[in-house]
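K.L.:
Need coordinates for the following:
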Amino acid sequence: MPRRPRVILPNVPQHIIQRGNNRQACFYANEDYLSYLEGLKEYSDKTECKIHAYALMTNHVHLLVSAGKVEAIAAMMKALGQRYVQYVNKMHQRTGTLWEGRYKSCPIQAETYLLACQRYIELNPVRANMVSHSAEYRWSSYAANAQGADSKIIQQHILYQALGLDSASRQAAYRELFRFQLDVGLVDEIRKATNGNYALGNDLFTAQIAQTLGRRVTAGKAGRPKLKPAKVL
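P.N.:
The predicted structure is shown next:
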């Protein structure tokens, strides 16, 4: 079965998930996380990709990225993935693949889903029962987005910037969004769209992308199509 082509448009944010092979660990020590973030900084700069959020989990990675060029995100992920695999194989005396095939991705309608997707990413350690609050997890962008921690990686989206008139008010408004967990239905929407490489947005958004790309960008209905009744001659 052929792989679904990616749904990519300039300046439309993409939610990306890259998993370790067979769901195995891809980070073994603090130095590994630091190396990955170093590579993320280097190659996001080189490809002019803007990183809005990230979470490095034990066996997978979440990124929220936008770029002005269609090919930029794929170029960043390829270079970053190869660099990190070489690092891990050397540092941990291993061989073979590290990642589980291609990374998963979906374009998101920024006006509706950008901040929800940032929360989805930064709440990942909480949903995984690794910490009780996102602020306790070191390897995500929560500290930069919610607490003003210095970050050379994060470039805040214009919709995040609209949360307040200055950094302090934006951070306070963003922290307020974390008082509650994401709705279960919304979590499921984000997962399905990302794992299926579908567009995440309202009907108008997905219809516009489908028209631009000339193909379906949402999940099809399960089951066989209904047969039309035969005409009586």
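K.L.:
show me where pLDDT drops low in the chain?
P.N.:
1-5, 220-233 (pLDDT under 70).
K.L.:
For it, just list every one of the helices.
P.N.:
Per DSSP state H, the chain carries helices over the ranges 30-47, 72-91, 110-122, 124-127, 142-147, 158-161, 167-176, 184-196, 203-213.
K.L.:
out of those, which comes closest to Asn22?
P.N.:
Asn22 lies closest to helix 72-91 among the helices of the chain, at 15.0 Å (C-beta to C-beta). Where C-beta positions appear, they are placed from N, C-alpha and C, glycine not excepted.
K.L.:
Just want the angle from that closest one to helix 30-47.
P.N.:
Taking axes from the mean of the first three to the mean of the last three C-alpha atoms, to 10 degrees, one finds helix 72-91 and helix 30-47 inclined to each other by 150 degrees.
K.L.:
Which residues belonging to helix 72-91 are considered buried?
P.N.:
When burial is assessed from 16 or more other C-beta atoms under 10 Å, helix 72-91 yields the following buried residues: 72-77, 79-81, 83-85, 87-88.
K.L.:
cool, and stretch 13-26?
P.N.:
So for stretch 13-26, counting by 16+ other C-beta under 10 Å, buried means Pro13, Gln14, His15, Ile16, Ile17, Gln18, Arg19, Gly20, Cys26.
K.L.:
Quick check: end-to-end length of that stretch?
P.N.:
With C-alpha to C-alpha, to the nearest Å as the measure, stretch 13-26 spans 25 Å from end to end.
K.L.:
Return the distance of that stretch from the chain's centre.
P.N.:
Offset of stretch 13-26 from its chain centre (C-alpha atoms, centre = their mean, to the nearest Å): 10 Å.
K.L.:
show me what contacts Arg94?
P.N.:
Val88 (C-beta atoms under 8 Å, 6 or more residues apart in numbering).
K.L.:
How about Tyr36?
P.N.:
Counting by C-beta under 8 Å, 6+ apart, Tyr36 touches Phe27, Leu56, Val61, Leu80, Tyr84.
K.L.:
Could you check how far it is from Thr212?
P.N.:
As judged by C-beta to C-beta, to the nearest Å, Tyr36 and Thr212 stand 33 Å apart.
K.L.:
circling back: of the buried residues of stretch 13-26, closest to His92?
P.N.:
Cys26 (10.6 Å).
K.L.:
May I have the phi/psi pair for the closest one?
P.N.:
Main-chain torsions, Cys26, degrees, to the nearest 10: phi -120, psi 0.
K.L.:
from memory it sits against Tyr33, does it?
P.N.:
No. Between Cys26 and Tyr33 there is no contact under C-beta atoms under 8 Å: 10.0 Å.
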